[in-house]
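Engineer: Predicted model follows, preceded by the sequence.
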Amino acid sequence: MQHRGLVMGVALVLLGAAPALAEDEPWLKFSTSVNYSVGDYGTGKDTTIVYVPFTLGVRPLDRFWLSLTVPFIYQDTQNVVLTGGGVASRKEQKGKLAQPARSTTESGLGDVLLKASIVVAEERDLIPEITPYLKIKFPTADVDRGLGTGEFDETLGVDVSKRLFDALFGYLTLSYTFIGDPPGTDFRNSFGWSVGAAYAVLQPLSVFAFLEGSTAIARGQDDPVELRVGAELRLIKALKLTGSVTRGLTDGAADWGGSLGLALRF
């Protein structure tokens, strides 16, 4: 339980470090997307996952964001399970989590996510924008139907972004997720990373590419690594559309996937 105390301590630091209220720029944002993926994750049998998150974010203080994500999940096998750090294989697990549900196809509420982030350094000259964050996964998904682990997961991370030159921007994310162990399992905590760039082709249109990976959560599973490319189109100041395709580069990742999403900011 030591890591729980560490996470709560960081949460208090994030909350206490938030600067004064930005009276001239109150922000509210809503986003959703449809994320489709298929792969065997080293289990020998493909699993199709459709993940549809609905996220509401609010900025109560300048440079400080709080967001709540309520997802819907469709999954056609119970060979893998979603965690706060990614997809974990069940093939090496024992106990209740390893047992498939009666129906191989299940859908329903996923694990609710709460995220707090704060910009501690704004971009200028040679300094990038630096945004540490804390994310908590609440075990709201149905364990008996194979939609979750029934345990809390906590993620500590940092997002770094910088305009490299003109219309080219660089991004880096580093994170560490404390994975909750259901009875009879031996999941490992996961270190995650993402590096990529975006280029503004036209004023409303930009393209991006990211290489993303993490250490495997389940023993015997390859570390997942994948390549994601896509485009973002801003229709109006408050509305943007995003589309991307993903290709898995290791057996620990989905073979391929696609995503379509929209975001509103007020």
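Structural biologist: Looks like it came in fine.
Engineer: residue ranges for the helices of the protein, please.
Structural biologist: Under the criterion DSSP state H, helices of the chain are mapped to 2-17.
Engineer: Lowest-scoring secondary structure element of it by mean pLDDT?
Structural biologist: Lowest mean confidence among the helices and strands of the chain (mean pLDDT, DSSP states H and E): helix 2-17, at a mean of 44.
Engineer: where are the low-confidence patches of the stretch 101-250 of the chain?
Structural biologist: Judged against pLDDT under 70, the low-scoring parts of the stretch 101-250 of the chain cover residues 101-103.
Engineer: May I have the phi/psi pair for the residue nearest to Pro139 when sequence neighbours are not counted?
Structural biologist: Leaving aside its sequence neighbours, Pro139 sits nearest to Gly150 (CB to CB, 6 or more residues apart in numbering; 4.9 Å). Every C-beta, even on glycine, is put in place using the N, C-alpha and C of the backbone. Dihedral angles of Gly150 (phi, psi; degrees, to the nearest 10) stand at phi 80, psi 10.
Engineer: Check Asp111 too.
Structural biologist: phi -80, psi 130.
Engineer: neighbours around it, how many?
Structural biologist: Using other CB atoms under 10 Å, Asp111 has 24 other residues around it.
Engineer: what's it in contact with, if anything?
Structural biologist: 71, 82, 84, 137-141, 148, 153 (CB atoms under 8 Å, 6 or more residues apart in numbering).
Engineer: One more pass at 7 Å, please.
Structural biologist: 137-141, 148 (CB atoms under 7 Å, 6 or more residues apart in numbering).
Engineer: Next one: it from Ser89, what distance?
Structural biologist: Noted for Asp111: a distance of 18 Å to Ser89, by CB to CB, to the nearest Å.
Engineer: related to what we said a few turns ago, is it possible to mark the buried ones in the contacts of Asp111?
Structural biologist: When the contacts of Asp111 are checked for burial by 16 or more other CB atoms under 10 Å, the buried set is 137, 139-141, 148.
Engineer: Can you name the residues that contact the closest residue to Asp181 other than its chain neighbours?
Structural biologist: Distance criterion CB to CB, 6+ apart; nearest residue to Asp181, sequence neighbours excluded, is Phe187 at 5.2 Å. Taking CB under 7 Å, 6+ apart, we find Phe187 in contact with 88, 179, 181, 217-218.
Engineer: got it, and Gly157?
Structural biologist: Taking CB under 7 Å, 6+ apart, we find Gly157 in contact with 133, 173-175.
Engineer: if we go to 8 Å?
Structural biologist: Contact analysis of Gly157 by CB under 8 Å, 6+ apart lists 132-133, 135, 173-176, 192.
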